[in-house]
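>>> below are the sequence and a predicted model for it; my questions follow.
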Amino acid sequence: MNQKAHHLKTARRAAIAPFIAMDVKREATLMEQAGGTIVHMEVGEPSAPPPRRVREAALAALGGQPVGYTDALGLMSLRERIARHYQETYGVAVDPARVAATTGSSGGFVMAFLALFDPGARVAIQNPGYPAYRNIFGALGLEAVDLPVDCSNGFAVTAAAVEAADEARKLDGLLLMSPANPTGAMQSADSLREIAAVCDRRGIWFISDEIYHGLTYDRPAQTAAAFTDRAIIVNSFSKYYCMTGWRIGWLVVPPELPRVIERLQQSLAISAPTLSQIAAQAAFDANDELEAVKAGYRRNRDLLLDGLPALGLDELAPADGAFYLYADVSRFTDDSTRFCRDLLHRAGIAATPGVDFDPHRGSRALRLSYAGAEADMIEALKRLKDFLRR
C-alpha cells in the first residue's frame, strides 16, 4: 500500500503559486507568538471592527430561529438592499434578480470565471494587480494576459490598451479593479465608459472588481454598471464595511447569467453564509461609523505620503483609493522578497514584496497597507528610518 501511495501524483493545479501577502502574515504572526512586536502592513484588512449595527444584527439572528441555508443566490432581502445601494450611490437601476450573494469577492470570482470561461480562455488583467487573479486563473486553466500599468499611464488601463491586446490575439475577458490593489489607482468615468464600449463591441466579457468602492479620498469611484449592463460587477463587504472574516460579497450579472451562477453555487457553496447575509444588510445603514473609519485611513495615508519621501521612498503609485501605497524601492534593492524579509526580521515591519503583484517588475517594489491604527503608521515610519539608514 505504501509502495503504491508513493507513486500518487497531485493535479497540476497543486503547483498554484502562493499568495505571498498571506505567507508574510503567517510568518509575522509566528514572530508575534514568539514575543516579537510587529507592525502589520502586509494584508489589506481593516483594523476596525465591523459596525455596531452589523454586530447587533448577527446577535439578534443567533437568538432566533436556526440559521440554515438560504437560496443559492442569497436572501432576497439582501439582494434587494444591494440593488437599492446602486440606485442610492450611483443612480443606477439594478434588478435584484441580477444580484447574487457570494462567499466574499473570492467566491464571486470563482463563480464568474467558471460561468464565463472554458480552460484556455485568455483574460486580460492589470499588471501590477491583485495576485489571486493570476493564481485562480492557473487553477482553472485560464491564461492571464498582462496589461502593464505604471506612472506613464497613471497606473490605469486604457481602452486603447484593451483594444490592442485583443487585436494581437483575441481576448475572452477583461478583469479590471478600480480603485486598484496594490496601486490605489482609479479609472475615470470616461475611461470606464470607453473600456465598456470596447468590450461590448469586441465581444469581451468585462469583469469589474469594485471591492474598494467607498474607499476613495478625492473623488468617488464609478461603477461599470453605469455604462453597460453586460459587465459582471464584483464587490464585497470586506473592505469599506470592515467585514473581512464574515466572507460575504456579491455579484451583479447580465440578465442571462443569474441561473448559471445559481446552478454553480448550488453545488460549490450551496449558499453564502446565512448569518453574514443577515448582518450585511445592516452594514448599509452604518455610514457614519464607516466614514469615521475611512477618515482614519486618510490620516494614515497623509502621514505616509508626507513621511516616506523623506526616507527615500519617493516614487509612489497614485493612492487615489483603497488603503495601500505601492512604492519603488529600486534605490535600495533589486530583490523585494529579500528586502521585505529583512524588513520583517530586522525592523518588525510586515510588508508585501512587489513580486506578489507583478512577477516581472515587482522585484523593485513593495506594498504597504495603511489600514491599521495611526500609531502603527507613526511607528512604521520610525522603524523604516532606522532600517534604511543601517
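Thanks, I have it.
>>> low-confidence regions, this protein specifically.
Residue ranges of the chain with pLDDT under 70: 1-6.
>>> all helices of it, in order?
2-5, 20-33, 52-62, 76-90, 104-116, 131-140, 159-168, 189-202, 258-268, 274-283, 287-307, 336-347, 374-388 (DSSP state H).
>>> dump those helices to CSV, plus distance to residue 226 and mean neighbour count.
Heads up, the C-betas are built off the backbone N, CA and C, glycines and all. Below are these laid out as CSV (distance: least, CB to CB, whole Å; neighbours: other CB atoms under 10 Å):
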stretch, distance to residue 226, mean neighbour count
helix 2-5, 55, 6
helix 20-33, 31, 16
helix 52-62, 27, 15
helix 76-90, 6, 17
helix 104-116, 19, 22
helix 131-140, 23, 19
helix 159-168, 16, 16
helix 189-202, 8, 18
helix 258-268, 20, 16
helix 274-283, 22, 22
helix 287-307, 21, 16
helix 336-347, 37, 19
helix 374-388, 34, 17
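>>> and of the ones you listed, who's closest to residue 11?
With CB to CB as the measure, helix 131-140 is the member of the helices of the chain nearest residue 11 (9.0 Å).
>>> circling back: need the helices of the chain in CSV (columns: distance to residue 236).
Below are the helices of the chain laid out as CSV (distance: least, CB to CB, whole Å):
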stretch, distance to residue 236
helix 2-5, 40
helix 20-33, 16
helix 52-62, 14
helix 76-90, 11
helix 104-116, 4
helix 131-140, 13
helix 159-168, 24
helix 189-202, 19
helix 258-268, 16
helix 274-283, 10
helix 287-307, 14
helix 336-347, 26
helix 374-388, 24
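>>> how about the ones you listed, which one is nearest residue 214?
Closest approach to residue 214 among the helices of the chain is made by helix 287-307 (7.3 Å; CB to CB).
>>> what helices or strands is that closest one leaning on?
Helices and strands touching helix 287-307, as assessed by 3 or more CB pairs under 8 Å, 6 or more residues apart in numbering; DSSP states H and E, comprise strand 324-328, helix 374-388.
>>> out of those, nearest to residue 54?
helix 374-388 (23.1 Å).
>>> now the closest one and helix 336-347, what's the angle there?
Taking axes from the mean of the first three to the mean of the last three CA atoms, to 10 degrees, one finds helix 374-388 and helix 336-347 inclined to each other by 110 degrees.
>>> tell me what helix 374-388 is packed against?
Short answer (3+ CB pairs under 8 Å, 6+ apart): helix 374-388 packs on strand 39-40, helix 287-307, helix 336-347, strand 349-350.
>>> can I get it in CSV, CA atoms only?
Extracted in CSV, the C-alpha atoms of helix 374-388 (Å, rounded to 0.1, in the frame of the first residue of the first chain):
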residue,chain,number,x,y,z
GLU,A,374,-2.5,55.8,13.2
ALA,A,375,0.0,54.9,16.0
ASP,A,376,1.2,52.0,13.8
MET,A,377,1.9,54.3,10.9
ILE,A,378,4.0,56.6,13.1
GLU,A,379,5.9,53.6,14.5
ALA,A,380,6.4,52.2,11.0
LEU,A,381,8.0,55.4,9.8
LYS,A,382,10.3,55.4,12.8
ARG,A,383,11.3,51.8,12.2
LEU,A,384,11.7,52.3,8.5
LYS,A,385,14.0,55.3,9.1
ASP,A,386,16.3,53.2,11.3
PHE,A,387,16.2,50.2,8.9
LEU,A,388,17.1,52.2,5.8
